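**Q** return atomic coordinates for the entry below.
(4 chains)
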Protein chains: 4
Amino acid sequence: MEAFSDGVIAIIITIMVLELRAPHDTSLAGLRPLLPVLGSYVMSFIYIGIYWSNHHHLLHVTEHIDGRALWANLHLLFWLSLVPFVTAWMGENHFSQWPVALYGSILLLAAIAYTILVRALLAAPGNELLASALGSDFKGKISMAIYAVAIPLAFVKPWLALAIYVVVAMMWLIPDRRIERRIS
Amino acid sequence: MEAFSDGVIAIIITIMVLELRAPHDTSLAGLRPLLPVLGSYVMSFIYIGIYWSNHHHLLHVTEHIDGRALWANLHLLFWLSLVPFVTAWMGENHFSQWPVALYGSILLLAAIAYTILVRALLAAPGNELLASALGSDFKGKISMAIYAVAIPLAFVKPWLALAIYVVVAMMWLIPDRRIERRIS
Amino acid sequence: MEAFSDGVIAIIITIMVLELRAPHDTSLAGLRPLLPVLGSYVMSFIYIGIYWSNHHHLLHVTEHIDGRALWANLHLLFWLSLVPFVTAWMGENHFSQWPVALYGSILLLAAIAYTILVRALLAAPGNELLASALGSDFKGKISMAIYAVAIPLAFVKPWLALAIYVVVAMMWLIPDRRIERRIS
Amino acid sequence: MEAFSDGVIAIIITIMVLELRAPHDTSLAGLRPLLPVLGSYVMSFIYIGIYWSNHHHLLHVTEHIDGRALWANLHLLFWLSLVPFVTAWMGENHFSQWPVALYGSILLLAAIAYTILVRALLAAPGNELLASALGSDFKGKISMAIYAVAIPLAFVKPWLALAIYVVVAMMWLIPDRRIERRIS
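**A** Numbering: from 1, shown residues only, chains lettered A, B, ... in the order given. Take a look at the predicted model:
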């Protein structure tokens, strides 16, 4: 399951760059309209990187995977697969209200899907190591609460919602030391 | 063989999302024309997920692969590789008659290819565990019969054919417990 | 090295399908212009499948890979990576002279690159099993000779050159029993 | 981590070929405008191949990967993921000043990212084999110095900068014998 998920995540993180279309203008000015697209790409690259990193750590301490966990995993990959679309919509429209709100919604849905996956893995027999390694998942819960606040804010000040997404990403860039301590 | 198949299936499931092109309209209304494309994508994502899951289970209990099984596998991947095309044709044309019928035909051809792959694996020497794990393959046979009924129905009521495809997908979302019981 | 090559070959075989663009016409007639593109895709799918299958068998009996073999492998992947381009050029232009000749040239260059890879692997120390498993490589030599004849024929009768490419593919569809016998 | 990186690098090296769009002109003249695009593709293919090869050797002698190394690796993949974009911009604009300078800048940033990755791996406990295998990394340092000279040259004579990029690639085509000697 990890090989397949790694493949899908690798493709998601890479096809987003196809939205960065080479301009016909060969001056530096020709790149200026691409800046929001690039900014949007950088944020999504980091978010997908965070998911890959956490997913990788998660499966590392998982010993048994059943049918339910398999579909919980595909459910997570589904929401992640929509990230290139919302990244493009947001970047090409200069971070306007609806695209920023939808971007946050996909982040929220992916976070919920990740929580469901963790629960499905915990429910599968023989994953006691995982249970003790994960603890209370404080970061996961707080992220979802923050997204839920940021999404409506996108309609007031899109840049404020964006700043919040960046803060959540920062919070996650620190890898999950609870698991890492166990597997190192 | 599993790594290569996983790679191809991971790419198939992900490139379908490239059909969801970011609209220039930044209001919620701008997303409305994308709804059938998204619906079509969701159905294909689930179908490809089912194939990946069953294929994964199948190769898990397979011990020997010969040249014939290798090509039976490529034959299955060929029909699956056409899924993004029929998904796009169906989604962009609001589920009209021919696209819905062709979508069902590709599902039928992929199902036939899967059956041929199972037979090729059973015919390879040393796969006795597989034979006992698979049993009668009732679900595979009934699916093909249902597709054969649904395809002509697409010309009468496309939505009826679609509903049937959804029912078959539901039937398969329950993973193949016969094999799972053996490998857990 | 095999994982990376499998990844590249999996992507090559799958991105070719992106050339099959969904038509706006929803009747069966809308698919007719796509028939040569589909035919071209089928042939390339089979050729890439043959390369994957032989490459997979080849690395299975290889024990040592040095820097030279690594670059011989990337050289093969380079020519294979041009297959989607020539497939599109040939399919979208109804198999006219230059595209058919260029398609054959890429097949010839890939075949030469495969031969160079085999030699690089044989030259690496510790690959004695490979040497005894490969034998004289009669099929490889005859294929290159046939391509060299077919390419100029493309300017007289493109369909004749195409028929020859099909014959060579047929010849290779039978997997390399010399190696298979050894590893089964 | 290697499987994911291999996947991303395999996709980067392959999607670049999507810029080689099949012309409608079926004569040899129809291919002429594609020559700079092809030349640009060949150079990037070789550069990505060099990164894959060195990355592969590097991880081969690495025994422990921590969170910092994981993100140093994603940072490298980020710059490599921009290679298809700069390749297209450079190839489609006949190697003019800004595209050639940006191409060199991405090469420089990828080289810096690679150095950071090596340092992160060396800093992780338990990688003593790596430290002794790597030595002084003379080639890495000289490459970065050369890029820093070539980038401003692109504004004087783009072809001179390009020639320098080719020379650096040549220098790297010889695989890293320091590591290879150890793992053979």
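
**Q** contacts only, for whatever residue of chain A ends up closest to chain C.
**A** Closest contact between chain A and chain C, by CB to the nearest CB, is at A:Gly7 (7.8 Å). C-beta coordinates here come from the backbone N, C-alpha and C atoms, glycine included. A:Gly7 makes contact with B:6-7, B:10-11, C:7, D:7, according to CB atoms under 8 Å, 6 or more residues apart in numbering or on different chains.

**Q** can you rerun that using 7 Å?
**A** B:6-7, B:10, D:7 (CB atoms under 7 Å, 6 or more residues apart in numbering or on different chains).

**Q** near chain B, anything from the host helix or strand of A:Ala72?
**A** A:Ala72 belongs to helix A:67-81 when elements are defined using DSSP states H and E. Yes - applying CB under 7 Å from any CB of the partner chain, one finds helix A:67-81 touching chain B at A:67, A:70-71, A:74, A:78, A:81.

**Q** skipping its backbone neighbours, what lies nearest A:Tyr41 in space?
**A** Once flanking residues are discounted, A:Tyr41 sits nearest to A:Met16: 5.5 Å by CB to CB, 6 or more residues apart in numbering or on different chains.

**Q** burial of the one you found, as a residue count?
**A** 23 (other CB atoms under 10 Å in any protein chain shown).

**Q** for it, give its distance to chain B.
**A** Distance, A:Met16 to chain B, using CB to the nearest CB, to the nearest Å: 10 Å.

**Q** quick one: distance of stretch A:156-165 to the chain centre.
**A** 17 Å (CA atoms, centre = their mean, to the nearest Å).

**Q** ok, stretch A:49-62 next?
**A** The answer for stretch A:49-62 is 12 Å, by CA atoms, centre = their mean.

**Q** what comes up buried for it?
**A** Neighbour-count burial for stretch A:49-62 flags A:49-59, A:61-62 (criterion: 16 or more other CB atoms under 10 Å in any protein chain shown).

**Q** try stretch A:20-35
**A** Neighbour-count burial for stretch A:20-35 flags A:20, A:22-23, A:26, A:30-31, A:34 (criterion: 16+ other CB under 10 Å).

**Q** thinking again about what came up before, so which elements touch the helix or strand just after the helix holding A:Ala72?
**A** Downstream of helix A:67-81, the next assigned helix or strand under DSSP H and E is helix A:83-92. Packing partners of helix A:83-92 (3 or more CB pairs under 7 Å, 6 or more residues apart in numbering or on different chains; DSSP states H and E): helix A:2-15, helix A:35-60, helix A:97-123.

**Q** tabulate the ones you listed in CSV, adding columns for mean pLDDT.
**A** Formatted as CSV, these follow (pLDDT from 0 to 100):
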stretch, mean pLDDT
helix A:2-15, 93
helix A:35-60, 93
helix A:97-123, 95
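
**Q** which of these is buried the deepest?
**A** Highest mean neighbour count among the helices and strands packed on helix A:83-92 (mean count of other CB atoms under 10 Å in any protein chain shown): helix A:2-15, with a mean of 24.

**Q** now it, how far from the centre of its chain.
**A** Here helix A:2-15 is found 13 Å from its chain centre; the criterion is CA atoms, centre = their mean.

**Q** angle of that helix against helix A:35-60?
**A** Helix A:2-15 and helix A:35-60 are oriented at 170 degrees to each other (axes from the mean of the first three to the mean of the last three CA atoms, to 10 degrees).

**Q** contacts only, for A:Ser44.
**A** A:Ser44 neighbours (CB under 7 Å, 6+ apart): A:16, A:83, A:87.

**Q** coming back round to it: which one of the buried residues of stretch A:20-35 sits closest to chain B?
**A** A:Leu20 (13.0 Å).

**Q** for the nearest residue in space to the closest one that is not next to it in sequence, give me its contacts.
**A** The shortest distance from A:Leu20 to any non-neighbouring residue, by CB to CB, 6+ apart, is to D:Phe85 (4.6 Å). Going by CB under 7 Å, 6+ apart, D:Phe85 touches A:17, A:20, A:22.

**Q** could you report the pLDDT at the second one?
**A** So the one you mean is A:Leu20. If you check A:Leu20, the pLDDT there is 91.

**Q** my guess is it contacts A:Val37. True?
**A** Yes - using CB atoms under 7 Å, A:Leu20 is in contact with A:Val37, at 5.8 Å.

**Q** what's the distance between the residue of chain A closest to chain C and A:Leu74?
**A** A:Gly7 sits 13 Å away from A:Leu74, going by CB to CB, to the nearest Å.

**Q** point out the residues in chain A that sit beside chain B.
**A** Counting by CB under 7 Å from any CB, chain A comes close to chain B at A:3-4, A:7-8, A:11-12, A:15, A:67, A:70-71, A:74, A:78, A:81-82, A:84-85, A:88-89, A:92-93, A:96, A:98-99.

**Q** try it again with 6 Å
**A** A:3-4, A:7-8, A:11, A:67, A:70, A:74, A:78, A:81, A:85, A:88-89, A:92-93, A:96, A:98-99 (CB under 6 Å from any CB of the partner chain).

**Q** how about the contacts of D:Phe85 in a markdown table, adding secondary structure?
**A** Compiled in a markdown table, those are given as follows (DSSP: H, G, I helix; E, B strand; the rest coil):
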| residue | secondary structure |
| --- | --- |
| A:Val17 | helix |
| A:Leu20 | coil |
| A:Ala22 | coil |
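
**Q** so which of those comes closest to B:Leu130?
**A** Closest approach to B:Leu130 among the contacts of D:Phe85 (CB to CB): A:Val17, at 41.2 Å.

**Q** output the buried residues of stretch A:49-62 as JSON lines; include the columns distance to C:Leu109.
**A** Supplementary listing: those in JSON lines, determined by distance: CB to CB, whole Å:
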{"residue": "A:Gly49", "distance to C:Leu109": "37"}
{"residue": "A:Ile50", "distance to C:Leu109": "42"}
{"residue": "A:Tyr51", "distance to C:Leu109": "40"}
{"residue": "A:Trp52", "distance to C:Leu109": "36"}
{"residue": "A:Ser53", "distance to C:Leu109": "40"}
{"residue": "A:Asn54", "distance to C:Leu109": "44"}
{"residue": "A:His55", "distance to C:Leu109": "40"}
{"residue": "A:His56", "distance to C:Leu109": "38"}
{"residue": "A:His57", "distance to C:Leu109": "44"}
{"residue": "A:Leu58", "distance to C:Leu109": "44"}
{"residue": "A:Leu59", "distance to C:Leu109": "41"}
{"residue": "A:Val61", "distance to C:Leu109": "47"}
{"residue": "A:Thr62", "distance to C:Leu109": "45"}
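
**Q** of those, list those near chain D.
**A** Okay, of the buried residues of stretch A:49-62 touching chain D (CB under 6 Å from any CB), that's A:49, A:53.

**Q** which ones are touching A:Tyr47?
**A** Contacts for A:Tyr47 (CB atoms under 6 Å, 6 or more residues apart in numbering or on different chains) come out as A:Ala169.

**Q** picking up where we left off before, farthest-apart pair in the buried residues of stretch A:20-35, please.
**A** A:Leu20 and A:Thr26 (15.6 Å).

**Q** and A:Pro84, what pLDDT?
**A** 96.
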